[in-house]
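Undergrad: any chance you could fold what I've pasted below:
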Amino acid sequence: MISARIGPIGTCRHLSRTVVFNLPVWAFLLGTVMSLLPVGQLRAVPPLVDDFPYPIVLTQVSLEESGEQLVTPYPGSLVGVKQRSRLVLLQPGHEPEILLPTFFATAEADVFFDGKKLLLAGKPAADAPWNIYELDLETRTLRQITHDTRDCRYPTYQSTQYVLDAPLPWFQITFFRELTEEKSPLTGTPVSALFSCRMDGSHFRRLTVNHSPDLPGTLLPDGRIVFPSFRSSYPQNPEMRLDLFAVNTDGTDPANFLPGIGARYKLMPTVIPRGLLGKLVFIENDELTADGAGQMACVDLRRPLRTYQRLTEDRTWLYHSPCALPDGRLLVSRRPRNGGASFALGVFDLETRKWTPLFDDPRYHDLFARPVSPRPLPDGRSSGVDDTASRGTLYCLSVYDNDLGEKGFPKGSIKKLRVLQAITDPKITGGRYPRLPFRVLGEIPIYPDGSFQVEVPSDVPLSLQLIDERGLNVRTSGWFWVKGGIHQGCIGCHEDPERVPFNRMADALWEDRPRIEPSASMAVPDFVHDIWPVIQRSCLNCHTPQQKKPWLAPSADPAHPGPVSASPAYSYTQLVRSAGSPSAVPAADAAAVYVVPGAARLSPLVWHVVSKNLAKPWDGEWPSRPYKPWPHDAGVQPLSQSDVQLIIQWIDTGAVYDRQHPFEIP
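TA: Below you'll find the predicted structure:
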């Protein structure tokens with residue numbers, strides 16, 4: 001238990017003795033800091049901000065143990081950083097104080113809305129897991145909330161939660177956990193997710209269900225959580241990104257908060273609450289640094305899709321872990337871009353765009369600073385999630401309501417909806433696209449007005465494909481999830497999020513919704529059993545060495561080309577070998593990519609057999625890529641329509657080699 005307790009600004013309290021200081025706050029700190037070095041090992045540079053009006057709690061990470069740079073598999077966090085960290089309280093009129101000094105490590109404090117309690121991650125002993133604790137700053141009572149055997153990190157307070165059959169609402173917390181039993185094919189690291197529980201540790205719930213890591217976020221004034229999430233827009237843009245997503249505090253209605261806006265990597269969001277004029281500030285970068293540091297940017301909460309602006313364009317410094325002060329300024333740490341010094345804490349003024357140093361101990365990284373002061377209570381949230389349910393309902397008003405304009409697909413052209421589930425089994429490794437292995441759960445019809453509804457498995461990563469009259473997947477959704485017992489819907493297919501839909505009754509709602517069971521898995525074509533016979537029958541005579549590429553069979557004697565040792569494994573690798581970076585291949589060399597798993601319309605193999613580039617106007621530069629039409633030579637017969645449909649379905653459902661071993665690659 002800690003003996004000292006926090007007092008009012010300008011007051012220092014030790015046990016029963018109270019001293020009031022009339023000197024500037026930092027004059028007191030400068031006068032006492034040297035005498036504290038043997039005990040706390042804290043040092044402050046001469047600050048340029050006098051009479052700072054708020055106590056501050058921050059996390060320090062030893063520079064002596066870590067070197068100059070922090071390295072973590074989860075950017076913007078300290079997860080995986082092996083050196084110890086500690087929480088330090090900077091109180092006006094009080095010497096810097098190490099909180100919970102008997103703990104092996106502490107980090108990542110959040111302040112309750114009344115400014116009187118701290119939520120923190122703590123590790124009591126070297127061999128103990130990280131868990132979540134709450135510290136009452138007035139009584140110095142410490143209470144453990146989670147009792148997990150796995151690390152729980154980055155706790156934040158939620159606003160109130162309520163359900164119809166509960167007498168009163170209650171507060172909850174959000175925290176971050178790594179899931180070693182799930183591996184992301186996108187990042188190569190374990191999947192991580194956000195979880196919640198009540199203040200007594202009960203009602204443990206996973207909030208985010210992604211195929212890749214989700215990182216710690218912040219609470220919006222409307223009660224939702226904004227958090228960074230690793231994503232990829234394969235195949236149009238296979239590069240990994242960090243997007244900011246929003247989700248309700250019960251894990252429902254995940255949505256991309258800033259789609260296609262800002263730099264490639266966006267993380268460490270914080271809110272400056274000002275009602276409708278509030279802002280979301282975040283760190284962003286086009287190159288991901290080892291510690292997640294970058295430049296600062298912001299959007300208005302009222303119209304986030306139209307108000308993006310960069311706050312810093314600094315070639316000398318990189319910024320980390322911003323947090324709003326009550327007066328609208330930001331606490332934010334920064335370090336030199338090229339290293340050479342630790343993170344120092346300062347105050348950033350959004351009007352002048354200037355950073356002023358506030359506190360620095362050169363032997364520590366000073367990060368994740370929070371003002372210890374009251375802050376507005378965000379809106380409460382209701383919940384209808386049934387954690388025991390294995391399914392939820394997904395619906396859409398019209399897939400024809402989209403962002404494609406005149407380039408979009410005409411009404412009546414979309415016939416089916418295909419439902420996919422991402423696979424995160426750590427035994428499955430990548431090596432080719434899709435980077436995100438998936439299985440096909442099933443297909444349902446699309447109604448003439450473009451609507452659908454379907455029951456789908458809950459708490460698994462899902463994606464949707466729209467299938468046209470030719471059997472082509474013409475558009476694929478991003479990955480999302482549905483919570484148990486919830487009816488979750490969308491207006492359209494990438495529709496304008498600032499528009500309101502027409503008030504009409506969707507056709508799909510007049511009939512019973514189809515159901516896809518959690519154990520469902522639709523039989524799909526594979527290469528060994530379905531495509532290889534077509535290759536043998538129609539392709540091997542021409543596609544061998546000394547003849548046309550791709551060479552689908554090797555030859556024992558180059559002088560006498562022929563399918564001497566043809567095998568499905570060899571043919572498969574020749575077709576799919578270049579699919580790992582489809583959009584990176586120059587148009588002039590586009591023939592080097594033959595199969596784009598998950599996108600038959602972008603696969604030159606399909607273009608070849610139908611003698612047409614099938615890319616859509618919304619596919620970027622793909623429609624301009626050259627293709628080789630099917631030859632009209634004597635003796636060369638075109639593929640049957642059934643063979644063409646088989647190839648299209650094989651590619652759109654993942655270009656599996658052998659369905660008996662769907663995630664093994666030859």
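Undergrad: only C-alpha atoms for contact and neighbour calcs from this point on.
TA: Noted.
Undergrad: count the neighbours of the residue nearest to residue 616 when sequence neighbours are not counted for me.
TA: The shortest distance from residue 616 to any non-neighbouring residue, by CA to CA, 6 or more residues apart in numbering, is to residue 623 (6.4 Å). Using other CA atoms under 10 Å, residue 623 has 17 other residues around it.
Undergrad: go on, residue 499?
TA: So residue 499, with other CA under 10 Å, has 8 neighbours.
Undergrad: can I assume it sits in a strand?
TA: No - the assignment for residue 499 by DSSP: H, G, I helix; E, B strand; the rest coil gives coil, which leaves it out of any strand.
Undergrad: now for residue 570, how many residues are close by?
TA: 15.
Undergrad: which SS class is it?
TA: helix.
Undergrad: just to revisit the earlier point, distance-wise, check the residue nearest to residue 616 relative to residue 605.
TA: Per CA to CA, to the nearest Å, residue 623 is found 14 Å from residue 605.
Undergrad: where's the residue nearest to residue 616 relative to residue 266, distance?
TA: From residue 623 to residue 266 the distance is 30 Å (CA to CA).
Undergrad: likewise residue 648?
TA: Taking CA to CA, one finds residue 648 at 36 Å from residue 266.
Undergrad: comparing these two, which residue is more hemmed in?
TA: residue 266 (29 against 24).
Undergrad: now the more buried one. Nearest residue, chain neighbours left out?
TA: Nearest one to residue 266, counting by CA to CA, 6+ apart, is residue 284 at 4.3 Å.
Undergrad: for the one you found, give the beta-bridge partners.
TA: With DSSP bridges as the criterion, residue 284 is bridged to residue 266, residue 295.
Undergrad: report pLDDT for it.
TA: Residue 284 is assigned a predicted lDDT (pLDDT) of 97.
Undergrad: and what of residue 8?
TA: 34.
Undergrad: likewise for the one 4 residues further on?
TA: Per-residue pLDDT puts residue 12 at 32.
Undergrad: contact partners for residue 392?
TA: By CA atoms under 8 Å, 6 or more residues apart in numbering, the residues touching residue 392 are 455, 456, 457, 458, 482, 483, 484, 485, 486, 487, 488.
Undergrad: at 6 Å instead, please
TA: Counting by CA atoms under 6 Å, 6 or more residues apart in numbering, residue 392 touches 455, 456, 458, 482, 483, 484, 485, 486.
Undergrad: now it: which helix or strand?
TA: strand 391-396 (DSSP states H and E).
Undergrad: export that strand as CSV, just CAs?
TA: Below are the C-alpha coordinates for strand 391-396, written out as CSV (Å, rounded to 0.1, in the frame of the first residue of the first chain):
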residue,chain,number,x,y,z
ARG,A,391,-25.3,-17.3,-34.5
GLY,A,392,-26.3,-13.7,-35.3
THR,A,393,-28.3,-12.2,-38.2
LEU,A,394,-26.7,-10.2,-41.0
TYR,A,395,-28.9,-8.1,-43.4
CYS,A,396,-28.5,-5.5,-46.1
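Undergrad: give the next helix or strand downstream of that strand.
TA: Downstream of strand 391-396 (by DSSP H and E), the next one is strand 414-422.
Undergrad: so what are the sheet partners of that following strand and their directions?
TA: strand 438-445 (antiparallel), strand 462-468 (antiparallel).
Undergrad: name the residues that touch the longest one?
TA: What it means is strand 438-445. So strand 438-445 is contacted by 415, 416, 417, 418, 419, 420, 421, 422, 423, 520, 521, 522 (CA under 6 Å, 6+ apart).
Undergrad: repeat for stretch 188-208
TA: Contacts of stretch 188-208 (CA under 6 Å, 6+ apart): 145-146, 172-180, 182-184, 212-214, 251.
Undergrad: need the contact partners of whichever strand or helix holds residue 242.
TA: In the assignment (DSSP H and E), residue 242 maps to strand 237-247. Applying CA under 6 Å, 6+ apart, the contact partners of strand 237-247 are 224-232, 253-257, 264-266.
Undergrad: quick one: end-to-end length of stretch 185-196, please.
TA: For stretch 185-196, the end-to-end distance is 25 Å (CA to CA).
Undergrad: ok so, going back, surely the residue nearest to residue 616 is in a strand?
TA: No - the assignment for residue 623 is helix, going by three-state DSSP, so no strand is present there.
Undergrad: surely it touches residue 607?
TA: No - using CA atoms under 6 Å as the test, residue 623 is too far from residue 607 to be in contact (10.8 Å).
Undergrad: helices along the stretch 301-450 of the chain, start to end?
TA: Taking DSSP state H, counting those that start in this stretch, the stretch 301-450 of the chain contains no helices at all.
Undergrad: re the thing from before, and the contacts of strand 237-247, which of them are in strands?
TA: 225, 226, 227, 228, 229, 230, 231, 232, 255, 256, 265, 266 (DSSP state E).
Undergrad: distance from the strand holding residue 392 to the middle of the chain?
TA: Strand 391-396 sits 22 Å away from the centroid of its parent chain (CA atoms, centre = their mean, to the nearest Å).
Undergrad: average pLDDT across it?
TA: Strand 391-396 comes out at a mean pLDDT of 95.
Undergrad: now swap in stretch 405-414 and tell me
TA: 87.
Undergrad: what ranges in the stretch 1-150 of the chain fall below the confidence cut-off?
TA: 1-51, 65-68 (pLDDT under 70).
Undergrad: mind redoing it with 50?
TA: Along the stretch 1-150 of the chain, the model assigns pLDDT under 50 to residues 1-41, 43-50.
Undergrad: what are the ranges of the strands in it?
TA: 11-14, 17-20, 56-62, 85-90, 97-99, 105-111, 117-123, 131-136, 142-144 (DSSP state E, counting those that start in this stretch).
Undergrad: just the CA atoms of the third one, as PDB, please.
TA: Once non-C-alpha atoms are left out, strand 56-62 reads as follows in PDB (Å, rounded to 0.1, in the frame of the first residue of the first chain):
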ATOM      1  CA  ILE A  56       0.000  13.800 -14.600                       C
ATOM      2  CA  VAL A  57       0.500  10.000 -14.500                       C
ATOM      3  CA  LEU A  58       2.800   8.500 -17.000                       C
ATOM      4  CA  THR A  59       4.600   5.300 -17.900                       C
ATOM      5  CA  GLN A  60       8.400   5.100 -17.800                       C
ATOM      6  CA  VAL A  61      10.500   2.400 -19.600                       C
ATOM      7  CA  SER A  62      14.100   2.100 -18.700                       C
END
